[in-house]
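Trainee: I'd like to go over a predicted model; first the sequence, then the structure.
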Amino acid sequence: MSRLRFPADFAWGSATASFQIEGGVEERGQCIWDDFCRWPGKVFEGDNGDVAVDHYHLYRADVTLMARLGFRAYRFSVSWPRILKEGIGEVNDVGLDYYSRLVDELLEAGIEPYATLYHWDLPTALQRVGGWASRDTASRFVEYARIVADRLGDRVHHWITHNEPWVVAMVGNLYGTHAPGWEDPGLALQVGHHLLLSHGLAVPVIRQASPGSQVGITLNLYPTYPATTSAEDLDAARIQDGFSNRWFLDPVFKGHYPEDIWALAGAQVPRVEQADLSIISRPIDFLGINYYSRHLVASDPSGPMGVQTLHPEGEYTQMDWEVYPQGLTDILTRVYADYSPRAIYVTENGCAYEDVLTSDGQVHDAKRTAYLRAHFAAAHKAIAQGVPLRGYFVWSLMDNFEWAYGYSRRFGIVYVDFQSLRRYPKDSALFCQSVAQENAVVLN
Ligand code: GCO
């Protein structure tokens with residue numbers, strides 16, 4: 001048995017997102033995910049976020065539960081349409097008050113709040129005038145960020161501008177399986193650029209409204225491996241890595257788009273104004289990395305960009321994502337070596353499995369516990385190699401709305417009965433409790 005100790009003051013936490021947990025639809029404006037849920041066939045069984053798991057009304061009990069589980073940090077997202085129902089104009093004080101109360105509740109429970117400003121719920125009113133395809137939305141985002149940071153900035157000291165701009169841009173505008181549901185590569189790259197621009201524009205505004213705070217961005221990153229060492233497969237891995245990772249990492253940390261992928265994009269490249277990349281690459285205090293799995297790729301002329309993503313033998317979660325803990329070590333060490341972020345947080349890592357609630361209210365989710373134990377150990381390996389990893393947020397605190405999968409995928413360490421809304425800590429929550437309390441992971 002070995003005990004892997006984490007650095008002192010390592011931030012163990014859980015993560016959620018507004019649309020996925022809050023509900024309270026009657027007290028906010030409409031967003032693009034409300035619209036997407038009503039688009040027949042787009043979301044599993046037409047599920048929606050009207051109630052979700054009603055965190056909007058149950059947040060006090062949820063904070064108590066977090067504290068009981070020994071978490072000392074909580075990553076949540078602010079709903080733009082709950083602050084500005086139409087995305088601009090009159091502030092919805094009820095919404096701003098809700099987040100202020102949530103932050104106070106967290107602080108009173110000894111839990112550090114980490115606030116994400118955008119986790120995909122763009123106000124419908126802004127989508128109607130172009131959404132992220134419009135450069136104006138970057139400015140609207142800054143105005144929204146200012147309002148939130150002005151109100152919460154005295155108590156929130158860790159800010160994440162965006163969650164996974166790659167998913168927002170590509171899944172929402174190239175693949176069409178997320179809101180707003182377009183399938184246009186040029187549009188996707190332009191959306192990605194405006195997301196990055198809004199990030200860079202917001203950084204100084206947040207710093208000014210929340211002095212002494214740490215500001216960062218969260219990217220979903222995939223370590224990419226060639227199936228063989230052939231020149232063709234190595235090139236396929238370079239292309240996949242460029243499209244999945246470097247397209248966002250390079251602008252934020254190096255102030256330019258990756259030349260190889262820019263060339264590949266051809267006429268689809270985004271319209272970029274002269275100062276944009278210097279704005280986007282303004283220094284930040286940390287990078288959030290969401291890690292779920294790896295990409296194993298081979299050269300295949302019939303595949304997108306000549307790349308085929310493989311599905312190797314191995315263990316998979318209910319999302320059909322390969323369980324590959326070594327990939328977390330590899331992406332952490334690679335990002336630190338190539339981009340030198342001042343600090344890194346794992347802002348999401350977790351898994352969906354088919355959970356069963358027993359008659360006595362327990363969930364024996366051994367697979368999830370094993371997954372988390374292995375990934376915590378992988379993170380520890382990166383720290384041992386000098387990576388400035390400062391915290392780890394398990395996705396997710398509780399079962400919630402899993403986007404196009406609706407409520408059919410459970411990622412929580414706390415089980416939620418979606419009818420009664422009762423919460424039941426799973427065995428994995430008790431495992432996380434022991435890790436957080438001991439600040440160590442025990443490997444059998
Ligand atoms: C993401 C989002 C989360 C998801 C989670 C599981 O990374 O896709 O940040 O909202 O629910 O990752 O897919």
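Mentor: Great, that's in hand.
Trainee: C-alpha from now on. contacts and neighbour counts both.
Mentor: Will do.
Trainee: ok now do the most centrally placed residue in the chain, which residues does it touch?
Mentor: The residue lying closest to the centre of the chain (CA atoms, centre = their mean) is Asn163, at 4.4 Å. Counting by CA atoms under 8 Å, 6 or more residues apart in numbering, Asn163 touches Thr116, Tyr118, His119, Trp120, Ile217, Thr218, Leu219.
Trainee: any idea how far Lys254 is from it?
Mentor: Taking CA to CA, to the nearest Å as the measure, Asn163 falls 20 Å from Lys254.
Trainee: likewise His157?
Mentor: His157 is 25 Å from Lys254, by CA to CA.
Trainee: ok, back up a step: beta partners for the residue nearest to the centre of the chain?
Mentor: Counting by DSSP bridges, Asn163 is bridged to Thr218.
Trainee: quick one, grab the pLDDT at it.
Mentor: pLDDT for Asn163: 99.
Trainee: roughly how far does it sit from Arg28?
Mentor: Asn163 is 20 Å from Arg28, by CA to CA.
Trainee: repeat that for Trp80.
Mentor: 9 Å.
Trainee: between those two, which is the more surrounded one?
Mentor: Trp80 (28 against 20; other CA atoms under 10 Å).
Trainee: how about the more buried one, what does it touch?
Mentor: Gly87, Leu117, Tyr118, Asp121, Leu122, Pro123, Tyr144.
Trainee: Trp262: neighbour count?
Mentor: Trp262 has 17 nearby residues by other CA under 10 Å.
Trainee: next, the buried residues of the helix or strand hosting it.
Mentor: Element membership for Trp262, per DSSP states H and E: helix 259-265. The neighbour-count check on helix 259-265 (16 or more other CA atoms under 10 Å) flags Ile261, Trp262, Ala265 as buried.
Trainee: with distance to Asp104 and pLDDT added, can I get those in TSV?
Mentor: Shown next, in TSV, are these (distance: CA to CA, whole Å; pLDDT from 0 to 100):
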residue	distance to Asp104	pLDDT
Ile261	45	98
Trp262	45	98
Ala265	46	97
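Trainee: closest to Phe36 among those?
Mentor: Of all the buried residues of helix 259-265, Phe36 sits closest to Ala265, with 27.7 Å by CA to CA.
Trainee: gap between the closest one and Trp247?
Mentor: 11 Å.
Trainee: and what of Tyr99?
Mentor: 33 Å.
Trainee: dump the residue contacts of Ala149.
Mentor: Ala149 neighbours (CA under 8 Å, 6+ apart): Ile206, Ala209, Ser210.
Trainee: which one of these is nearest Ser139?
Mentor: Nearest member of the contacts of Ala149 to Ser139, counting by CA to CA, is Ile206, at 13.6 Å.
Trainee: which residue is the nearest non-sequential neighbour of Val441?
Mentor: Excluding the flanking residues, the one nearest Val441 by CA to CA, 6 or more residues apart in numbering is Leu4, at 5.0 Å.
Trainee: which is the succeeding secondary structure element to the helix or strand containing the one you found?
Mentor: Per DSSP H and E: Leu4 is located in strand 2-5. Following strand 2-5 in sequence order, the next helix or strand is strand 11-15 (DSSP H and E).
Trainee: what about the strands in the stretch 151-300 of the chain?
Mentor: Assigned by DSSP state E, counting those that start in this stretch, the stretch 151-300 of the chain shows strands spanning 158-163, 214-220, 224-226, 286-290, 295-299.
Trainee: hey, what's in contact with both of Trp80 and Arg28?
Mentor: With contacts defined as CA under 8 Å, 6+ apart, no residue is shared by Trp80 and Arg28.
Trainee: how about the contacts made by the residue nearest to Asp154 when sequence neighbours are not counted?
Mentor: Among residues not flanking Asp154 along the chain, Ser210 sits closest, at 6.0 Å (CA to CA, 6+ apart). Contact analysis of Ser210 by CA under 8 Å, 6+ apart lists Ala149, Asp150, Leu152, Gly153, Asp154, Val156, His157.
Trainee: from Arg72, how far off is Ser210?
Mentor: For Ser210, the distance to Arg72 - CA to CA - is 21 Å.
Trainee: check Asp104 too.
Mentor: Asp104 is 14 Å from Arg72, by CA to CA.
Trainee: tabulate the strands of the stretch 151-300 of the chain (TSV), appending distance to Val53.
Mentor: Output for those, formatted as TSV (distance: least, CA to CA, whole Å):
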stretch	distance to Val53
strand 158-163	21
strand 214-220	24
strand 224-226	35
strand 286-290	23
strand 295-299	32
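Trainee: among these, which comes closest to Tyr59?
Mentor: Closest approach to Tyr59 among those (CA to CA): strand 158-163, 19.8 Å.
Trainee: tell me what angle that closest one forms with strand 286-290.
Mentor: 50 degrees (axes from the mean of the first three to the mean of the last three CA atoms, to 10 degrees).
Trainee: list the buried residues of strand 158-163.
Mentor: Applying 16+ other CA under 10 Å to strand 158-163 flags His158, Trp159, Ile160, Thr161, His162, Asn163 as buried.
Trainee: swap in stretch 81-96?
Mentor: Pro81, Arg82, Ile83, Leu84, Lys85, Glu86, Gly87, Ile88, Val91, Asn92, Gly95, Leu96.
Trainee: which residues touch Ala133?
Mentor: Counted by CA under 8 Å, 6+ apart, Ala133 has contacts Leu187, Gln190, Val191, His194.
Trainee: and those residues, which is closest to Tyr345?
Mentor: The nearest one, if we look at those relative to Tyr345 and count by CA to CA, is His194, at 24.0 Å.
Trainee: how much space between the closest one and Thr16?
Mentor: Distance from His194 to Thr16, by CA to CA: 24 Å.
Trainee: please apply the same query to Gly89.
Mentor: In terms of CA to CA, Gly89 sits 27 Å off from Thr16.
Trainee: and what of Trp120?
Mentor: Using CA to CA, Trp120 is found at 12 Å from Thr16.
Trainee: ok, the closest residue to Asp93 other than its chain neighbours - contacts?
Mentor: When the adjacent residues along the chain are set aside, Asp93 lies closest to Ile83, with 7.2 Å between them (CA to CA, 6+ apart). Residues in contact with Ile83 (CA under 8 Å, 6+ apart) are Arg28, Val91, Asn92, Asp93, Gly95, Leu96, Tyr144, Val148.
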